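[1] model the following, please.
(one chain, ligands or ions: 1)
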Amino acid sequence: MGRRMTDPPVSWLMSLALARPQVISLAAGFTDNVTLPVELSRQVLHELFSETTSARAALQYGTTPGDLGLRTLTAKRIQVLDNNRGDAALYDPARTVMTHGSQQLLYLLTECLCDEGDILLVEDPTYFVFLGIAQSRNLRCRAVKMEKDGVNLGQLKKILEELKLSGELPRVKMLYLITYHQNPSGITTSFEKKTGALEILRSYEHDAGHPIYLLEDSAYRELGFKEQQPESGLVASGGERVLYAGTYSKPFATGARIGFGLLPEPLMTSVLHAKTNHDFGTANFLQAMMYRVLKSGLYVEHVKKLRQRYEFKANVMLEAMKQHFPKGVEWIEPAGGLYYWVSVPHSMSTGMKSKLFKAALDADVIYVPGDLCYADDPTRRKPNYEMRLSFGGASEENIREGIRRLGEVLRAQLA
Ligand code: PMP
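    Next comes the predicted model:
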């Protein structure tokens, strides 16, 4: 496995941003710096440490599934986000595990479900760090095209039909969807598409010989600019096939990295076994802090503030792109999250080795090359004329200046 893994582009992009401060990074998925909850954290940590018993508990090892209070509030939060529509039994702390970021859960689930050579069904494009997990575990990918409301269900069915005919259906264990303000495209999957996808997966289970799960990564769920969001797949009657991955990284603090999963059996037990091998529990200290944040009721206020902040920053980027990007450059307008997915005229390429990327780096601005977000699916060519631009971490001034620089580079390349 060590030999198989290549240097993950995310580490390079993130360390470049930190090592060369003059570079404006529209690449890394950092969150907004000025709205990080410093006051709120100070307040709850002060409370936590003003009582010796609670302070000791926080500084002691915890359990593998995580703090019961936090798991209870977390399951409740998802139930509220689902408008209390789902079967109440699905939002049980016993189905909830706290993880070190949702990234750890994505890894654990992949590790538990997939054997070498198995096939992952992923969105086209998808979250590029997840593709690193797939590569490390020697998994193959089949990519399902994205439409404006989620994956193309016709193509999903076609792929499963092909795999059934070739006898490879038993190698399929899950479909991975990033359902809210997707990284990288900004697209949100409609409730109908989620239930439609679940139905299709279920119809192939008999031939697969086992359940086929929907891994719903909801990392950006709380970052919708407007409060109204489509519900999670959890509310579908197929709740026992949904592996729900969530995180407090984006809506609270990326530095605390508290993620979670709502999982059906037997996956819950398998994940707990694997997590015991990994770390036998997420840092108790961070969980104690998060518990108090949720319990205080101030979390909801904080998220409201973030939503407005990101809507504002998205608009700053939009206006700058309109002003500086040449004709022929297009983008998808997100309703939340941290990203614009931008496509340039197809005569140009945006890859890490392209003239455009090098010229951008020379101009001290970087983006995520779109081709990194496409799985190695041998049945189609990877598009290489897109880029992911983040308005998350950069300041307002840097968003404007970064887009101005990128606009200049794009014009020069097009000329
Ligand atoms: N899923 C998606 C789609 C993401 O973009 C990210 C972070 N970039 C994660 C999961 C992992 O986030 P964390 O581990 O901080 O919860």
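[2] in this protein, what residue lies closest to the ligand?
    Distances between the chain and the ligand by C-beta to the nearest ligand atom are smallest at residue 101, namely 2.4 Å. Bear in mind the C-beta positions are built from the backbone N, C-alpha and C, glycine included.
[3] my guess is that residue meets residue 247, correct?
    Yes. With contact taken as C-beta atoms under 8 Å, residue 101 and residue 247 are classed as touching, separated by 6.3 Å.
[4] the two: which is more packed in?
    Neighbours of residue 101 and residue 247, each counted by other C-beta atoms under 10 Å, are more numerous for residue 247; the result is 25 against 20.
[5] for that one, name its beta-bridge partners.
    With beta bridges defined as DSSP bridges, residue 247 has these partners: residue 259.
[6] list the residues that contact it.
    When contacts are counted by C-beta atoms under 8 Å, 6 or more residues apart in numbering, residue 247 touches 101-102, 219, 258-260.
[7] swap in residue 399?
    When contacts are counted by C-beta under 8 Å, 6+ apart, residue 399 is found next to 26, 313, 316-317, 320, 391.
[8] now name the helix or strand holding it.
    Using DSSP states H and E, the secondary-structure element containing residue 399 is helix 396-414.
[9] per-residue confidence for residue 231?
    Among the per-residue scores, residue 231 shows a pLDDT of 76.
[10] where does it land in three-state SS?
    The local conformation at residue 231, judged by DSSP: H, G, I helix; E, B strand; the rest coil, is coil.
[11] in the protein, which residue is most central in space?
    With distances taken as C-alpha atoms, centre = their mean, residue 219 lies nearest the centre of the chain, 4.4 Å away.
[12] just to revisit the earlier point, of the contacts of residue 399, which belong to helices?
    Of the positions in the contacts of residue 399, 313, 316-317, 320 sit in helices, assigned by DSSP state H.
[13] anything in contact with each of residue 101 and residue 247?
    Counting by C-beta under 8 Å, 6+ apart, the shared contacts of residue 101 and residue 247 are 258-259.
[14] residues from this structure in reach of the ligand?
    Taking C-beta under 6 Å from any ligand atom, the part of the chain that reaches the ligand is made up of 29, 101-103, 127, 178, 183, 217, 219, 247, 249, 254, 257, 259.
[15] with distance to residue 2 and pLDDT added, can I get those residues in TSV?
    Shown next, in TSV, are these (distance: C-beta to C-beta, whole Å; pLDDT from 0 to 100):
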residue	distance to residue 2	pLDDT
29	26	78
101	22	97
102	25	98
103	19	98
127	23	97
178	28	98
183	27	97
217	26	98
219	28	97
247	28	98
249	27	97
254	27	95
257	24	96
259	25	98
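[16] how about those residues in TSV, adding distance to residue 332 and secondary structure?
    Below are the residues of the chain next to the ligand laid out as TSV (distance: C-beta to C-beta, whole Å; DSSP: H, G, I helix; E, B strand; the rest coil):
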residue	distance to residue 332	secondary structure
29	17	coil
101	26	helix
102	23	helix
103	24	helix
127	16	coil
178	14	strand
183	12	coil
217	18	strand
219	18	coil
247	23	strand
249	23	coil
254	24	coil
257	28	coil
259	26	strand
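[17] highest neighbour count among those?
    Counting neighbours by other C-beta under 10 Å, residue 178 comes out on top of the residues of the chain next to the ligand with 29 neighbours.
[18] and the residue of the chain most remote from its centre, how far is that from residue 62?
    Residue distances from the centre of the chain (C-alpha atoms, centre = their mean) peak at residue 52, which lies 36.9 Å from the mean C-alpha position. Residue 52 sits 18 Å away from residue 62, going by C-beta to C-beta, to the nearest Å.
[19] where does the prediction get shaky in the protein?
    Across the chain, residues meeting the criterion (pLDDT under 70) sit at 235-238.
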